[in-house]
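Enquirer: sequence first, predicted model second:
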Amino acid sequence: MSGPLLQIDGLHIAFGSRSVWRDVVRGVDLRVSAGEVVGLVGESGSGKSLTALSVMGLLPLGAKVSSGRILFDGTELVGMRDGAMNKLRGRDIGMIFQDPLSALNPAIPVGKQIVDSLRTHASMTRRAAEARVVELLDLVGINQPAERARAYAHELSGGMRQRVMTALAVSSNPKLLIADEPTTALDVTVQAQVIGMLDRIRRDLGIAVLFISHNLDLVASICDRVSVMYAGRVVESGAVEPLFDAPRHPYTRQLLRCVPRLDGGTGPMPTIPGLPPRFGSVLPGCAFTPRCVVSQARCSAQAPPMRRESGHLSVCWEGVP
Amino acid sequence: MASLFLRRAGVSLLSLLLVSLVLFVLTRSIPDSPARIVLGDEATPADIAHFDADHGLDKPILVQYFRWVGGIVFHADLGKSFTTGLRMNDQVANTLPVTLELVMLAFVVSVVVSLALGTMSAVLRDTPLDYGARLIAVLGVSVPGFWLALVLILFFAVDRDWFPPGGVVPITDDVYEHLRSLVLPAFCLGIFYMAVLTRMTRSSLLDVLGQDFMRTARASGLSRPRVLMYALRNALVPVVTIAGMSFGHMFGWALIIEQVFNIDGLSHALLQAIQQRDYAMVQAVVMVFTVVFVVANLCADVVNASLNPRMAAAA
């Protein structure tokens, strides 16, 4: 196969109705190669989840891809008919959502939900699908999988629900798994277990992962590469280690300073003062200018240049003569 | 599931008992003894005492109540009319079937139509079909059934000879004519509930379609019909509750419909009993209505528990 598994070029997503459309995702480029784990980091409202949903073709009502391309395995997904898109969903691309309780159907046993997905994508008997579900639940580390398959979502613990969600997402051996803040709704103690499970599964099955999170530690621990988003744009991206060791964009630097550390000493938690720009507001220059500690006069007036050094990309005026 | 049923059944029995007590006390506290009504103004006190003794009316009210309830529970006997001397069981057996059939017909048709219409309305939201369905629903809720009945009689029975203007042909005479004579009354009875349930289905389904788990269903690549089934399982819960209550309500509305269409049903019998101050008959009919209402709600609870396991756990 040539080229990355998932390639997003200049993606714009707009919200609106009839005549007034405003871009909230404004030119995102993203690549995920087969078997790779790519992190997508940013504050709430930075457009990470929308970017992920647009790959699934499941943007909420009132949102649409206004321009750009999304290539999956060389196939253009933007503008694809829903019927064709439905063949990819769940089979080639799986997705895990933030809150597993609301993301699982409360009226249908969890095993049945996986059975239905399996049988949608492959012709298999009910019995074969049920046997496969037990295997899958075992794979994601659920004890007594045959029994749990008959349980309803509300009868399971938070961690177990997210394991079920994972089993559902990977049931048909997808090439790409999109995990949209899979641990945000979980207890801290359970988070590590679920992340460990996710990492094991994707290694075992050779699945590429687009991992969306605002937890930088998590991203550092499991991702190969990471893209940092701010106000609908990718402001910095690169391999995890160089990016976290020597962040180039001031936003990334300030974000990393906000991660609580055990050896961080006392005193107030560092924060980034100010708020992200208002939804849909149009700025000529860099959107981070009002909150940036190293901003210059040109920052708010002119769009910052994109600079790439050995695969590490940053979009900032800093250090530009 | 079984324990839920038992608990609900227990509650139902309790409410039946309460209703029977209230009903009995209320009908007995109406001024004017039945003896005065039956024997007329010229009756002597001795006549009245004799009448009261004959019918057990001289006993304390609680004793009378337990006799009545005991008769129902142990002998399935609803009692006897003071005014006509007719046995209530025969009266109910004669009049209940036609009312039950009318209500059943109206109920089944309105539930089926409202599910189809409401689902279509929600799935094709903001399309002309949705507007059409909503218009029908608004009309159905706002048009009074008795007025509609008169208009339909005028239009379909008087001006055109499509349906009979009133009465019900016995099913033993002619099945086709029997059903034909039920069309207009069932339509007038059902249209309001059809409209209510349509609106309920639509709004409940729209609500569910916006839930996170519907996005998961779509992200799993499920086909559209399957996604809809996933949604309906959750969306039907309030619809079933309302449908259960509607079934009971319909017996009340049948009162008016039977009057307009001149049908000799249970509701008709109730009206007559009220006019003739036949308290025993009123009690018997209201008790039958109550049983129907309670059983319908019990059924709705059971259906809901099987639709949504959380209901079974919470109940």
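Expert: Right, received. Where do you want to start?

Enquirer: list the buried residues in stretch A:82-102.
Expert: Using 16 or more other C-beta atoms under 10 Å in any protein chain shown as the test for burial, stretch A:82-102 gives A:85-86, A:88-102. To be clear about C-beta, it is placed using only N, CA and C from the backbone, and glycine gets the same treatment.

Enquirer: actually, stretch A:10-20.
Expert: Buried-residue list, stretch A:10-20, by 16+ other C-beta under 10 Å: A:11-15.

Enquirer: mind checking the pLDDT average for that stretch?
Expert: Averaged over stretch A:10-20, pLDDT sits at 86.

Enquirer: output it as CSV, nothing but the C-alphas.
Expert: Extracted C-alpha coordinates of stretch A:10-20, given in CSV (Å, rounded to 0.1, in the frame of the first residue of the first chain):
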residue,chain,number,x,y,z
GLY,A,10,-6.9,21.0,4.5
LEU,A,11,-10.0,19.9,6.3
HIS,A,12,-12.5,22.7,7.0
ILE,A,13,-15.7,21.9,9.0
ALA,A,14,-18.4,24.5,9.2
PHE,A,15,-21.4,24.9,11.4
GLY,A,16,-24.5,26.8,10.3
SER,A,17,-27.7,26.7,8.4
ARG,A,18,-28.9,27.7,4.9
SER,A,19,-26.7,30.8,4.1
VAL,A,20,-24.5,31.4,7.1
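
Enquirer: who's in contact with it?
Expert: Contact with stretch A:10-20 is made by A:21-30, A:47, A:50-51, A:54, A:59, A:62-70, A:232, A:279-280, as judged by C-beta atoms under 8 Å, 6 or more residues apart in numbering or on different chains.

Enquirer: just to revisit the earlier point, restrict the buried residues of stretch A:82-102 to those near chain B?
Expert: Subset of these in contact with chain B: A:86, A:88-91, A:94-95, A:97, A:99, A:102, counting by C-beta under 8 Å from any C-beta of the partner chain.

Enquirer: and which of those is nearest residue A:202?
Expert: Checking these against residue A:202 by C-beta to C-beta gives residue A:94 as the nearest, at 10.4 Å.

Enquirer: the closest one and residue B:284, how far apart?
Expert: Distance of residue A:94 to residue B:284, computed by C-beta to C-beta, to the nearest Å: 63 Å.

Enquirer: which residue packs closest to the closest residue to chain B within the stretch 151-300 of chain A, ignoring adjacent ones?
Expert: Residue nearest to chain B within the stretch 151-300 of chain A: residue A:152 (4.9 Å; C-beta to the nearest C-beta). Nearest residue to residue A:152, sequence neighbours excluded (C-beta to C-beta, 6 or more residues apart in numbering or on different chains): residue B:309, at 4.9 Å.

Enquirer: with residue B:76 instead?
Expert: Closest to residue B:76 by C-beta to C-beta, 6+ apart is residue B:89, at 7.4 Å.

Enquirer: list the buried residues for whichever strand or helix holds that neighbour?
Expert: Residue B:89 belongs to helix B:88-123 when elements are defined using DSSP states H and E. Neighbour-count burial for helix B:88-123 flags B:88, B:91-92, B:95-96, B:98-103, B:105-107, B:109-111, B:113-115, B:117-123 (criterion: 16+ other C-beta under 10 Å).

Enquirer: before we move on, back to that, surely the residue nearest to residue A:152 and residue A:107 touch.
Expert: Yes. If you go by C-beta atoms under 8 Å, residue B:309 and residue A:107 touch, sitting 6.7 Å apart.

Enquirer: which residues are common contacts for these two?
Expert: By C-beta under 8 Å, 6+ apart, residue B:309 and residue A:107 have these common neighbours: residue A:152.

Enquirer: tell me which of the two has more neighbours.
Expert: Each of residue B:309 and residue A:107 has its neighbours counted (other C-beta atoms under 10 Å in any protein chain shown); residue A:107 has more, 22 against 19.

Enquirer: ok, the closest residue in space to that one that isn't next to it in sequence - how many residues close by?
Expert: Among residues not flanking residue A:107 along the chain, residue B:233 sits closest, at 4.2 Å (C-beta to C-beta, 6+ apart). Counted by other C-beta under 10 Å, the residues lying close to residue B:233 total 17.

Enquirer: quick revisit: tell me the buried residues within the contacts of stretch A:10-20.
Expert: Members of the contacts of stretch A:10-20 classed as buried by 16+ other C-beta under 10 Å are A:21, A:23-30, A:47, A:50-51, A:54, A:59, A:63, A:65-66, A:68, A:70, A:232.

Enquirer: which residues touch residue B:91?
Expert: Contacts were defined as C-beta under 8 Å, 6+ apart; by that measure residue B:91 touches B:81, B:269, B:281, B:284.

Enquirer: how many residues are close by the first one?
Expert: Right, the one you point to is residue B:81. With other C-beta under 10 Å as criterion, residue B:81 counts 21.

Enquirer: repeat that for the last one.
Expert: With neighbours defined by other C-beta under 10 Å, the count for residue B:284 comes to 28.

Enquirer: just the buried positions in the helix or strand harbouring it, please.
Expert: Per DSSP H and E: residue B:284 is located in helix B:279-307. Going by neighbour count (16+ other C-beta under 10 Å), the buried part of helix B:279-307 is B:279-298, B:300-305, B:307.

Enquirer: counting by contacts, list what that helix packs against.
Expert: Counting by 3 or more C-beta pairs under 8 Å, 6 or more residues apart in numbering or on different chains; DSSP states H and E, the packing neighbours recorded for helix B:279-307 are helix B:2-28, helix B:88-123, helix B:224-260, helix B:266-275, helix B:309-314.

Enquirer: among the buried ones among the contacts of stretch A:10-20, which are in helices?
Expert: Members of the buried ones among the contacts of stretch A:10-20 lying in helices (criterion: DSSP state H): A:50-51, A:54.

Enquirer: contact partners for the closest residue to residue A:317 other than its chain neighbours?
Expert: For residue A:317, ignoring the flanking residues on the chain, the nearest one in space by C-beta to C-beta, 6+ apart is residue A:304 at 4.7 Å. Counting by C-beta under 8 Å, 6+ apart, residue A:304 touches A:285-286, A:315-317, A:320.

Enquirer: how about the residues of chain A near chain B?
Expert: Proximity of chain A to chain B, by C-beta under 8 Å from any C-beta, involves residues A:56, A:58, A:86-91, A:94-95, A:97, A:99, A:102-108, A:113, A:116-117, A:120-121, A:152, A:154, A:165, A:168-169.

Enquirer: one more pass at 7 Å, please.
Expert: Contact residues, chain A versus chain B (C-beta under 7 Å from any C-beta of the partner chain): A:56, A:58, A:86-87, A:89-91, A:95, A:97, A:99, A:102-108, A:116-117, A:120-121, A:152, A:154, A:168.

Enquirer: pretty sure residue A:30 is touching residue A:227, no?
Expert: Yes. At 5.9 Å, residue A:30 and residue A:227 qualify as touching, with contact defined as C-beta atoms under 7 Å.

Enquirer: common neighbours of the two, please.
Expert: residue A:234 (C-beta atoms under 7 Å, 6 or more residues apart in numbering or on different chains).
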